[in-house]
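Asker: below is the sequence, then the predicted model.
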Amino acid sequence: MESATEPRKVVVLSAGLGVPSSSRLLADQLAAATQRSLTDLGIQSEVEVVELRDYAVDIANNFVTGFAAPRLADLISAVENADGLVAVSPVFSASFSGLFKSFFDVVDPKALEGTPVLLGATAGTDRHQMVLDYAMRPLFGYLRSRVVPTAVFAGPQDWGNADDGAQRGSLADRVERAGRELAGVIAEAPARRREDDMVSLPFEQLLAGIAAH
């Protein structure tokens, strides 16, 4: 296991469109569960939660120009260099949202190979819960990511009122299990060396690393 002095970076993406959105609520719960589990394993972590709707214009412009605006480029870099990823999308027309797919279309398709990923989805009816297995898992299978077994779907009944404890408890159980699984996979792998880490290395060490490849 890595030293507790080496924090792991977890990037959490929510493709929700509303303010507030159930996708963001689920993303926050998954982020918290993952961080708690990493702490239980003695691993420090840094969690960044991102609303993809804030990048919608930049993503569209990227398709037109072929270049990412600085802010979008920073997000892409953060995702590509993360030790773990939580990806949550609302369901539209029996699939993930166009915004969700568009973002991953501008990410290097080889960059997420082996990256631990936890999937989540929200919808207005439970009939859409199979989107996790029939749309989202295939996408990350194509990207060769390491998707954890438990994916979390949240429907209307999961956001019930205060006296609906059984349903909300069921969602909480799934969230905690998924968070433990993602934390476990992150813990198994060495911390990723990021661009900032490379820049801080002496020139001779950087040159030696390049020569080794």
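Answerer: Happy to help now that I have it.

Asker: residue 32: what's it in contact with?
Answerer: residue 179 (Cβ atoms under 8 Å, 6 or more residues apart in numbering). In this view, the C-beta of every residue, glycine as well, is placed from N, C-alpha and C.

Asker: surely it forms part of a helix?
Answerer: Yes - Residue 32 sits within a helix when classified using DSSP: H, G, I helix; E, B strand; the rest coil.

Asker: okay, and for the chain, where does confidence drop off?
Answerer: The chain contains residues with pLDDT under 70 at 1-5, 160-169, 193-213.

Asker: give me the most central residue, it.
Answerer: residue 86 (2.3 Å; Cα atoms, centre = their mean).

Asker: what's the longest helix in this protein?
Answerer: helix 165-188 (DSSP state H).

Asker: that helix - contacts with which helices or strands?
Answerer: Judged by 3 or more Cβ pairs under 8 Å, 6 or more residues apart in numbering; DSSP states H and E, the packing partners of helix 165-188 are strand 8-14, helix 22-40, strand 84-92, strand 116-122, strand 152-154.

Asker: against which helices or strands is the shortest one packed?
Answerer: Same thing as strand 152-154. Taking 3+ Cβ pairs under 8 Å, 6+ apart as contact, the helices and strands that strand 152-154 lies on are helix 22-40, strand 116-122, helix 165-188.

Asker: hmm, try it at 6 Å
Answerer: Counting contacts by 3 or more Cβ pairs under 6 Å, 6 or more residues apart in numbering; DSSP states H and E, the secondary-structure elements packed against strand 152-154 are strand 116-122, helix 165-188.

Asker: pairing partners for that strand, with directions?
Answerer: The strands that strand 152-154 pairs with in its sheet are strand 116-122 (parallel) (by DSSP bridges).

Asker: so which of the helices and strands packed on strand 152-154 gets nearest residue 47?
Answerer: Of all the helices and strands packed on strand 152-154, helix 165-188 sits nearest to residue 47, with 11.0 Å by Cβ to Cβ.

Asker: quick check: buried residues in that closest one?
Answerer: By neighbour count, and taking 16 or more other Cβ atoms under 10 Å as the criterion, the buried residues in helix 165-188 are 168, 171, 174-183, 185-187.

Asker: okay, now the closest residue to residue 92 other than its chain neighbours: neighbour count?
Answerer: Setting aside the residues directly before and after it, residue 92 is nearest to residue 98 in space (Cβ to Cβ, 6 or more residues apart in numbering), at 7.3 Å. Residue crowding around residue 98 was assessed by other Cβ atoms under 10 Å; the count is 15.
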